[in-house]
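Peer 1: Sequence below, structure please.
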Amino acid sequence: MKYTRFEKARIIGARALQIAMGAPLLIKPPEGVVDPVQLAILEFEKGLIPITVRRRGKLIKGPVV
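Peer 2: Take a look at the predicted model:
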């Protein structure tokens, strides 16, 4: 299922905060990338962020790693 731009922003922002607070990365970071937002975007694009979105009573589950 495709996420809206608002859901995408919320997911990436929440994951970036987790990374900034010391959560383990779900990907191997590329050389020179240390920005939590960039790392969260890379994880999102690979479909690795295990976050569930509730849309009008229906649950949209992200992948579970």
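
Peer 1: Where do the helices of this protein begin and end?
Peer 2: Remark: helices assigned in the chain by DSSP state H are 5-20, 36-46.

Peer 1: Buried deepest among these, which one?
Peer 2: Most buried of the helices of the chain, by mean neighbour count (mean count of other CB atoms under 10 Å): helix 36-46, with a mean of 17. (Each C-beta comes from the backbone N, C-alpha and C, glycine too.)

Peer 1: Quick one: closest of the helices of the chain to Thr52.
Peer 2: Distance to Thr52, taken as CB to CB, is lowest for helix 5-20 among the helices of the chain, at 9.9 Å.

Peer 1: before we move on, back to that, can you put the helices of the chain in TSV and add mean pLDDT?
Peer 2: Formatted as TSV, the entries for those read as follows, by pLDDT from 0 to 100:
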stretch	mean pLDDT
helix 5-20	95
helix 36-46	96
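
Peer 1: closest to Lys28 out of the ones you listed?
Peer 2: Comparing the helices of the chain by their distance to Lys28 (CB to CB), the top pick is helix 36-46, with 9.8 Å.

Peer 1: Off-centre distance for the closest one?
Peer 2: Shown here is helix 36-46, whose average C-alpha point lies 6 Å from the average C-alpha point of the whole chain (CA atoms, centre = their mean, to the nearest Å).

Peer 1: Touching, Leu42 and Leu25? I think so.
Peer 2: No. Applying CB atoms under 8 Å as the test, Leu42 and Leu25 come out as separate, 9.1 Å apart.

Peer 1: before we move on, back to that, would you reformat the helices of the chain as JSON lines and include distance to Lys58?
Peer 2: Conversion of the helices of the chain to JSON lines gives the following (distance: least, CB to CB, whole Å):
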{"stretch": "helix 5-20", "distance to Lys58": "13"}
{"stretch": "helix 36-46", "distance to Lys58": "20"}
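
Peer 1: Many thanks, I have nothing further to ask.
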